[in-house]
Structures are given as C-alpha cells and as structure tokens.
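# Could you work out the structure for the sequence below:
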Amino acid sequence: MDNKPHQFHYNSCMKSDLGAMATRAWVVRAAVISTVLGVVSCKPAPPVAGGPTTHTQALAKVTLLVDMSRQDVTQFNGPIASPDGRHVAFTHETMGDSYVLLDNKKGAVYDMIWDEPTFSPDGSHLAYSASRGKKFSVVVDGVEGKSYEGVGSLAYSPDGKRFAYVAQLSQKSCVVVDGVEGPKLPGFVLQPTFSADSKRLAYFAEGGVGGSLIVDGVQMHENDTFHMWNPTFSPDGTRLAYKCSIVKGGIRAALKSGKFPEVVVVDGKPGEEYKKIGGHETWPPMAVAHWSDSMDGPIFSVDSKHYAYVGRQERFEVIVRDGIEGPPYDQVWSPTFGDGGRFGYVAVRSGKWFPVVDGKEGPRTDGISIFKFSPDGKHIAWVAKAANRISLYLDDVRVATADSITAMAFSPDGKRIAFWSFDGDSATLSVIQGANRLYKSGPFTFLAIGGGPSFVSNDRAVAVAGWDNKVFRIDVTLNGKR
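Residues are numbered from 1 along each chain as shown. Prediction:
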C-alpha cells in the first residue's frame, strides 16, 4: 500500500477537478476478440457464459466475475481485483452519489469516496475511506467506522488480519489499530507500518518543530528532525529504518537557508547527510506506475543483515549500502535485494538506463520501469524501452517485446514469469519459462487490466481483465511439460 506523507483527507479538502475522475473512469468498449485464450490449436471449448469462446488444452479457464453491461461504465473507476482474483471492486464517483461496487453489489452511498478501495493481502477484506458532509470515516467490509474530521493512510498487516489508519480530531491525530484508537497527538500522524510478521507497528507524529517516532506504542522524540517518512522494518522484525529531514540552527534559520539535509536512520543511528534521500528531480522516460518513493529506500536484505537506499547530492546520485557509497551516477533507482545475498539497482548515465546487478552493469536502454529479483534470488527481470519498443529482459536476455509491458510476476520457485503485453489496442497474457513461452492468450481488443497477473502456485497463474463491459478472471494451469 502506498502510504504517502499527509495522505489523509479532512473537511477543508475537496476534489476540485471532477474531470480528472472521468479520465480515470473504466471505459471498456465493445471488444473484438480476434483470437481467444489458447496455447496451441485444439478442439474449441464451449463458450464461457458472458465471455468469449475459448480454445485451450485445458490450460486456461475464464470465469465471469462481474457483468457491467447494464451500468453506465463511464461513471465507474476500476476494476480493482483482489490478489487471489476472486473479487472485483469499482468506485462510482459523482458528487453526492459515490459508492463502491463489490462483486456487483452496491455499497452505502456517500458524498465522496476518497482512498481507493484496497483489498487485504489475502483478498478477504476490502477497505476505503468516504465522507458525508464534514465527517470522514473508514469502511471495512461494508461496516462504517467512527466519524472523524479526517482519515487516511489505510494499512493492512502482511497477514491481512490487522488493519490501521490515521484519524484526525480537534487538531490532534491518532492511529486507529484494529478498531482501537491510539494516543491522540498534536499535529499530523503519518504512515502506520506493520512489520513482516504483522506483530509490530511504527508510525510518525509531527507537530511544530521536531517529530516523534512511535514504535509499538512507545514514543521517541526527535528534536532535530523536521519531517520523517518511510518507516521500514527488517524482514525478521528486529530492525527499523526510516529517513528524515534535519533542522540545523532552528526552523527559522533552516527556512531562510532553504537547506533541509536528509539522512537515513537505521537502528537509531543516523547515516551521512544528503541533499535528498531518493526523491528524483527528473522522471523516467516511460510510465512510472511501478515506482514509489519507498522504492528508493531504506530497504533491508532478505536475511535482515544489510540495508540500502538512494542518496542524492547536487550533481550525482549513489546507492548507499550498509553505510558505504557505491559509484556515482546521474541517477539511481530502485535498490533491490535478492535472496542469497544478491543486490541490484537501476542506474542512469548520459541519458542511458541500465541495470547494475551484483556490481555488473547491464545493457543500455532508453528507460526502465519494472526491476525485480525472482523469489529464489537466482534471476532478475526488468522491463525497458529501446527503439520505441518495450522489452522484457531475464538475466540480460531479451525474452519478449511489445508496444508496452505493464505488469509481471515471478512464480514462487522463480522459474516462470507471467506478464501482460500490449501491441496497439491488443493485449496478451503470457507465461514464460526462460525463453520458452508456456502460454499465450489473445489478443484481446480494448482490454482493461484489473489485477495481476500473479501466481497462486508454481503451476497456476491468475489475472483479472475486462472486455465488452464484463470482468473475467483468467486462470491458467500449467502442466509443466512445455
């Protein structure tokens, strides 16, 4: 979940540009399915109710989740799919008539839906924030919580069993955890974050000069900090890191100089000062939907022994790993640890983007959007732009090329990749193992991607997509022989 600073809503905030909502609306035109789900030609299966005819070898199953054909889809945003692909939510957003549609069931009507509906990691819960008049509340599984002057920063625990959000009341804020209000603190409360085992919770409080870090209910005041964000627990839950701005000589002197150096604090010890920690001045020359500020760190390694982040100075950026700077580049992005001690990131020099994995620079490209290790740490995949085409690379070998590649996922054992690709108006779902394509769908025309792809096991991938004003789950089962 993307918990950005001050990402909550209160009665002085209104959505000023309703036209922007319309541009986000889910509009799926009548679909023309030229070639439907299939791997190789075989006897056609019967048509799926409400969906396209399928041609498979029992490797793909299409299930109708929601039929929106009787709705004015231009009024809806979505689809938003649960991680397991079993549930789909939309938001209907017009002033005074806003609601969430979950599996085609209409929720309560509000003046406005604020935080986008978000499923828990296990797909069993759905939460969002909404308002009536000057009162804001969080709705979980259709149950409206207590009203406040502002709410936001919704956060699930990794196991999906716990839930937290920020609430504001009478110039004070608190974190509500599992329905219980925490201490009311002056100013803002930001970014509640659970540990990987879902047992610990950290967040920030800011009021006046200085801020506080609250960990497991214990408040630690930081007099020299002006702003803190991105609390990050190590995977084993024993370590904590965050980044913060430093105020020197008082807030007035800092405001006059315009200098607020930033540091990363790991286990209570601040590192070297940088102009910025992450927070790039320029953006990639391709879609950045896969990047968020938290991806620049701090992050911990899989074994919790190491940490890394992006440090930016006036003329260069570096990766800082365990307090030691790497080589300077024009820009660096997305430090990533893999299992087995591997480490990589994206670097930019002279306008060219390339991966740096275990200290080795990879092929030069015109931009990189997705960059991730396989769960076993043996492989790394990345999506890059070159010659106005988008390619998927696996260990520096190009394995797929299209006009656009929007999402990808590794199987749990790291041997397979599922991804969506687009050529013109046509979308294709594929599953590959190395350079071998195990499955290829479509192409679908005028497709809206609602979720995934993701693997529920090494031999089963799911994705959610919409066409012809309907939403379907595509369930691909791989027999492992191809």
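
# Which residue, neighbours along the chain excluded, lies closest to Trp333?
Val346 (4.2 Å; CB to CB, 6 or more residues apart in numbering). Where you see a C-beta, it was placed from the backbone N, CA and C, and this is true even at glycine.

# My guess is that neighbour contacts Pro355. True?
Yes: the criterion here is CB atoms under 8 Å, and Val346 meets it with Pro355 at 5.9 Å.

# what's near enough to touch the residue nearest to Trp333?
332-334, 353-356, 368, 371, 382 (CB atoms under 8 Å, 6 or more residues apart in numbering).

# Using neighbour counts, trim those to the buried set.
Neighbour-count burial (16 or more other CB atoms under 10 Å) applied to the contacts of Val346 gives 332-334, 353-356, 368, 371, 382.

# Which is the succeeding secondary structure element to the lowest-mean-pLDDT helix or strand in the chain?
The weakest-scoring helix or strand in the chain, judged by mean pLDDT, DSSP states H and E, is helix 18-24 (a mean of 27). As assigned by DSSP states H and E, the chain's next helix or strand after helix 18-24 is strand 60-67.

# before we move on, the earlier item: from the buried ones among the contacts of Val346, which ones fall inside strands?
Among the buried ones among the contacts of Val346, the residues falling in strands (DSSP state E) are 332-334, 353-356, 368, 371, 382.

# Return the closest of the residues you listed with respect to Lys275.
Looking at those and their distance to Lys275, the nearest is Val332, at 13.8 Å (CB to CB).

# pretty sure the closest one contacts Arg321?
No: between Val332 and Arg321 there is no contact under CB under 8 Å: 11.3 Å.

# Buried residues of stretch 342-353, list them for me.
Burial within stretch 342-353, assessed by neighbour count using 16+ other CB under 10 Å, is assigned to 342-349, 353.

# Ok, stretch 365-382 next?
Using 16+ other CB under 10 Å as the test for burial, stretch 365-382 gives 365-375, 377, 379-382.

# avg pLDDT for that stretch?
In this model, stretch 365-382 has an average pLDDT of 92.

# same thing with stretch 213-229?
Computed over stretch 213-229, the average pLDDT equals 76.

# start to end distance for that stretch?
End-to-end distance for stretch 213-229: 10 Å, by CA to CA, to the nearest Å.

# try stretch 189-204
End-to-end span of stretch 189-204 (CA to CA): 6 Å.

# which residues are in contact with it?
The contact list for stretch 189-204, computed with CB under 8 Å, 6+ apart, reads 3, 5-6, 153, 155-159, 161-162, 164-166, 173-175, 177, 205-206, 211-216, 228-237, 240, 242.

# Describe which strands the helix or strand containing Ala465 pairs with in its sheet and in which direction.
Using DSSP H and E, Ala465 sits in strand 460-467. Counting by DSSP bridges, the strands paired with strand 460-467 are strand 448-457 (antiparallel), strand 470-477 (antiparallel).

# Identify whichever of these lies nearest to Asp67.
Judging these by CB to CB, what sits closest to Asp67 is strand 470-477, at 5.2 Å.

# so the closest one versus strand 60-67, what angle?
Counting by axes from the mean of the first three to the mean of the last three CA atoms, to 10 degrees, strand 470-477 lies at 160 degrees to strand 60-67.

# Show residues contacting strand 470-477.
With contact meaning CB under 8 Å, 6+ apart, strand 470-477 is reached by 37, 48, 50-51, 58-69, 79, 81, 85-86, 88, 418, 429, 431, 439, 441, 450, 459-466.

# PyMOL command for the buried members of those residues?
If you want just the buried ones from the contacts of strand 470-477 in PyMOL, going by 16+ other CB under 10 Å, the selection is:
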select buried, resi 37+48+50+51+59+60+61+62+63+65+66+68+79+81+85+86+88+418+429+431+439+441+450+459+461+462+463+464+465+466
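
# What residues of stretch 412-420 count as buried?
414-420.

# So what's the gap between that stretch and the chain middle?
18 Å (CA atoms, centre = their mean, to the nearest Å).

# then that stretch to CSV, C-alphas only?
Listed in CSV are the C-alpha atoms of stretch 412-420, where the atom choice follows Å, rounded to 0.1, in the frame of the first residue of the first chain:
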residue,chain,number,x,y,z
PRO,A,412,7.1,-18.8,-6.2
ASP,A,413,10.0,-21.0,-7.3
GLY,A,414,11.3,-18.2,-9.6
LYS,A,415,11.2,-20.4,-12.7
ARG,A,416,8.3,-18.8,-14.5
ILE,A,417,7.1,-15.3,-15.4
ALA,A,418,3.6,-14.1,-16.2
PHE,A,419,3.0,-10.7,-17.8
TRP,A,420,0.6,-8.5,-19.8
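
# I'd assumed His306 was in contact with Gly297.
No: in this structure, Gly297 is not within contact of His306 by CB under 8 Å, at 11.5 Å.

# Considering the ones in strands among the buried ones among the contacts of Val346, which is situated nearest to Lys184?
Closest to Lys184 out of these is Ser334 (37.1 Å), distances taken as CB to CB.

# Surely Asn160 is in contact with Thr118?
To be clear, residue 160 is Gly; Asn isn't right here. No: using CB under 8 Å, Gly160 is not in contact with Thr118; the gap is 11.2 Å.
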